[in-house]
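[1] coordinates only, no sequence provided:
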């Protein structure tokens with residue numbers, strides 16, 4: 001025998017008096033411990049359905065007695081008492097009993113009787129102990145197992161256990177989390193202690209004693225003349241039975257699913273409530289109610305007098321839904337679910353379309369069984385206990401399940417006022433409004449601006465010009481989604497599943513996204529398809545895989561005695577994050593920052609570049625189709641000075657990610673520090689050096705060197721801002737570059753043969769022309785280009801400068817355009833060229849071309865840059881971290 005088997009050596013003959021699934025579990029566990037249950041005394045069948053305790057006992061062949069009562073007019077019924085005494089019990093165990101048991105039964109066994117009570121006695125004596133624990137706002141809950149006496153829950157204590165009460169606990173959550181599982185263990189432990197003669201009898205103190213009766217519906221009306229927490233406690237303390245209620249629009253409405261509102265109050269539609277000094281608000285998360293302390297709570301569900309229950313968020317849109325016609329496969333699922341209903345409702349001869357789950361005798365634990373059995377049958381189905389209360393009739397329940405399986409239950413249909421264009425041999429549909437809380441809507445002041453196609457300077461469409469108020473609404477929506485919405489409660493694997501689905505939708509729409517990117521940013525379509533869009537899809541898939549792999553660590557510590565303390569780290573999302581993205585890779589920069597942000601469980605408010613907002617807004621539309629909950633992603637197009645500044649200053653934003661210029665990055669960092677010390681990650685300017693040694697593969701160096709400068713029209717944060725070419729190969733390198741530059745085809749980015757499209761916008765092209773003029777004035781040699789192409793649109797010739805000295809403007813400042821800046825260095829002067837390459841305040845990327853591995857490693861170790869490319873360039877990957885040194889910023893995108 002193992003020690004575990006002989007710890008409790010003595011076994012007892014037990015009478016179990018009670019009912020419910022709790023009683024059934026206690027019965028089963030006591031039998032497993034080796035005790036003999038000589039009789040089960042439970043309630044009569046209800047509507048032909050036996051209590052779970054009776055079902056289990058009858059299956060085992062244990063004698064079962066179903067007495068409707070034990071007393072008449074306060075006196076024991078002799079036949080009932082005699083039947084009880086006939087089983088010869090040594091101990092009565094009452095796990096949950098709704099009947100009054102006479103004292104001559106309680107005291108009859110050798111060891112008397114023990115009772116389970118769901119409170120920390122002497123507090124909350126009486127039958128509604130869990131409810132009153134919550135109504136009084138107790139910080140601790142628990143249970144007591146006590147020796148029965150002739151008082152009401154006043155007998156000596158045998159065993160007690162306690163747990164903290166969470167701010168939004170309900171009767172159900174407390175019961176399911178602690179009182180049910182730990183209560184079963186406690187009852188078994190109590191019986192074992194009695195069997196071994198070790199059970200204490202601790203008299204109850206009258207200090208702190210209280211008795212509260214069973215609440216009736218008439219007494220459960222909500223009083224709004226108290227603080228929000230007291231209102232919340234009242235509602236959750238009566239959830240689900242008998243239900244706290246109020247009067248709305250002349251009818252009694254019962255309130256379920258209360259939680260305290262910790263953030264700012266979301267926007268919503270006013271709703272007058274009888275007795276409330278301030279109207280409620282119907283918001284996307286439910287009904288917001290206010291206490292006398294100006295704090296608020298949210299109620300998730302409402303039930304009307306006819307028994308119909310709806311999500312509170314749909315109060316103004318509640319109505320009869322249209323039935324959906326089932327496919328053959330769905331009919332098979334319906335039949336499987338019908339069989340599950342029949343298994344639970346064993347008293348019902350046949351489950352009809354009109355069969356009501358609860359009116360047929362189902363109880364709260366049957367709800368749990370129903371939900372779990374259906375989830376086993378329908379893998380991946382998101383089904384909650386509350387869904388059963390929302391659709392209690394079988395036909396309504398099947399309609400609800402089918403809608404969930406089809407994905408039709410998400411939210412009301414998204415309304416998008418698309419701008420539609422027939423372009424690139426396809427119909428392109430583009431949203432153009434702010435995207436806030438799952439809806440496209442105009443800016444609150446109605447302002448718009450033009451977004452322009454750089455290929456010909458034409459206006460694509462008008463886009464909403466977000467205001468400070470729009471930013472505030474977007475942040476409130478994101479905060480709400482994080483704190484009270486499904487996103488914050490969703491398990492990590494389900495979050496990853498949604499991000500995978502989003503990536504799949506982006507892939508389905510990749511040609512449309514690439515077309516929008518081409519007309520809005522000037523990106524060559526083939527490059528947009530492969531890189532702008534292709535890498536965006538890869539990024540979301542990569543980070544979707546990280547969702548359930550973010551782990552903390554355990555840490556050995558030297559505290560007190562060894563093995564008596566455990567320290568561990570837990571990685572948690574920050575909350576609302578702000579993202580400000582640039583115009584050179586509109587969709588890809590969105591993906592780089594937002595995919596990681598979402599994978600970690602944050603919500604976000606994103607400002608696309610003012611000149612390239614359209615792919616971000618199309619992305620927003622796809623997030624709704626993917627099932628991302630409303631409020632998780634918000635997109636506010638507009639100016640950096642207004643929208644970006646408000647994001648930097650906003651007290652509810654916890655982190656801001658920015659890609660753009662160094663001066664703006666410094667300003668953002670200062671604002672973030674002064675506002676609420678929010679975290680910041682910055683990817684800023686660059687002047688990336690590319691060193692080409694004479695022992696390189698020259699063909700490859702020319703090809704890659706061209707790409708390092710002219711890729712994406714030079715609008716590339718890691719573009720080689722300065723090429724250092726060893727003197728002995730300088731002229732040959734230059735000759736070959738000029739040869740290749742002359743072959744580049746400049747033209748419409750939608751033309752598949754185009755190499756070089758238009759610059760992003762007019763102001764940028766004009767800045768590039770000015771950059772060239774400064775270079776010529778300072779004495780650099782312009783060997784090719786330097787002019788605007790004479791055609792409509794913002795086209796700049798690929799440009800090559802040589803003889804660029806270290807003191808010149810071209811050697812120090814980033815062009816962010818198709819301008820190659822070449823400087824020579826003396827043969828063999830490795831340390832000299834390294835010093836020149838590092839003589840910059842930027843440090844984003846760099847490169848080296850050489851066949852000498854020792855030289856490559858020597859140079860790469862000494863280049864002061866976040867990325868060093870060796871014999872290649874522009875090779876980024878979603879798994880490899882990306883970020884800069886010095887004034888190129890800090891923080892990383894991509895990778896773990």
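    Sure thing, it's come through. What you are looking at is a predicted structure, and each value in this text was computed from that prediction instead of being measured.

[2] and the gap between residue 387 and residue 403?
    Using Cβ to Cβ, to the nearest Å, one obtains 11 Å as the distance from residue 387 to residue 403. Yep, even glycine has a C-beta here, placed from its N, CA and C like the rest.

[3] out of the two, which sits in the busier spot?
    When neighbours are counted by other Cβ atoms under 10 Å, residue 387 comes out ahead of the other of residue 387 and residue 403, with 19 against 15.

[4] so where does the residue nearest to that one when sequence neighbours are not counted fall, helix or strand?
    Leaving out its chain neighbours, the residue that sits closest to residue 387 by Cβ to Cβ, 6 or more residues apart in numbering is residue 400, at 6.3 Å. Using DSSP states H and E, residue 400 sits in helix 394-406.

[5] any idea how far that helix is from the chain center?
    On the basis of Cα atoms, centre = their mean, to the nearest Å, helix 394-406 is displaced by 25 Å from the centre of the chain it belongs to.

[6] what's the next secondary structure element after it?
    Once helix 394-406 ends, the next helix or strand along the chain (criterion: DSSP H and E) is strand 419-423.

[7] that next one pairs with which strands, and in what direction?
    Counting by DSSP bridges, the strands paired with strand 419-423 are strand 426-430 (antiparallel).

[8] so for the strand it pairs with, mean pLDDT?
    Model confidence over strand 426-430 averages 95 on the pLDDT scale.

[9] please apply the same query to stretch 874-894.
    94.

[10] measure that stretch end to end?
    Across its full length, stretch 874-894 reaches 15 Å between end residues, using Cα to Cα, to the nearest Å.

[11] who's in contact with that stretch?
    In this structure, residues lying in contact with stretch 874-894 by Cβ atoms under 8 Å, 6 or more residues apart in numbering are 535, 538-539, 542-543, 592-593, 596, 657, 662, 665, 680-686, 707-708, 711, 716, 718, 840-845, 864-867, 869, 895-896.

[12] that older thread, which parts of the helix holding residue 400 are buried?
    394, 396, 397, 398, 399, 400, 401, 402, 404, 405 (16 or more other Cβ atoms under 10 Å).

[13] could you do stretch 746-765 as well?
    For stretch 746-765, the neighbour count (16+ other Cβ under 10 Å) marks 746-750, 754-761, 764-765 as buried.

[14] also stretch 332-348?
    333, 334, 337, 338, 340, 341, 344, 345, 348.

[15] quick one: it to chain centroid distance?
    Here stretch 332-348 is found 34 Å from its chain centre; the criterion is Cα atoms, centre = their mean.

[16] what's the answer for stretch 231-250, then?
    Centroid separation between stretch 231-250 and its chain, computed with Cα atoms, centre = their mean, is 29 Å.

[17] now stretch 217-229
    Going by Cα atoms, centre = their mean, where stretch 217-229 is centred and where its chain is centred differ by 32 Å.

[18] now that stretch: mean pLDDT?
    Mean pLDDT, taken over the full extent of stretch 217-229, equals 92.

[19] so residue 211 touches residue 126, yeah?
    Yes. Applying Cβ atoms under 8 Å as the test, residue 211 and residue 126 come out as touching, 5.1 Å apart.

[20] which residues do these two both contact?
    Between them, residue 211 and residue 126 have 152, 153 as joint contacts when contacts are counted by Cβ under 8 Å, 6+ apart.

[21] against residue 195, how distant is the residue nearest to residue 387?
    If you measure residue 400 against residue 195 using Cβ to Cβ, the figure is 49 Å.

[22] ok, residue 189 - how many residues close by?
    Neighbours of residue 189 using other Cβ under 10 Å come to 17.

[23] same deal with the one 4 residues further on?
    Look at residue 193: counted by other Cβ under 10 Å, it has 17 neighbours.

[24] residue 206 now?
    8.

[25] nearest residue to it other than its sequence neighbours?
    Once chain neighbours are set aside, the closest to residue 206 by Cβ to Cβ, 6+ apart is residue 122, at 6.6 Å.

[26] check contacts around the one you found.
    For residue 122, the contacting residues are 153, 154, 204, 205, 206, 207, 208, 209, 210, taking Cβ under 8 Å, 6+ apart as the criterion.

[27] run the last query once more with 10 Å
    Under the criterion of Cβ atoms under 10 Å, 6 or more residues apart in numbering, the contact list for residue 122 reads 144, 146, 153-154, 157, 204-211.
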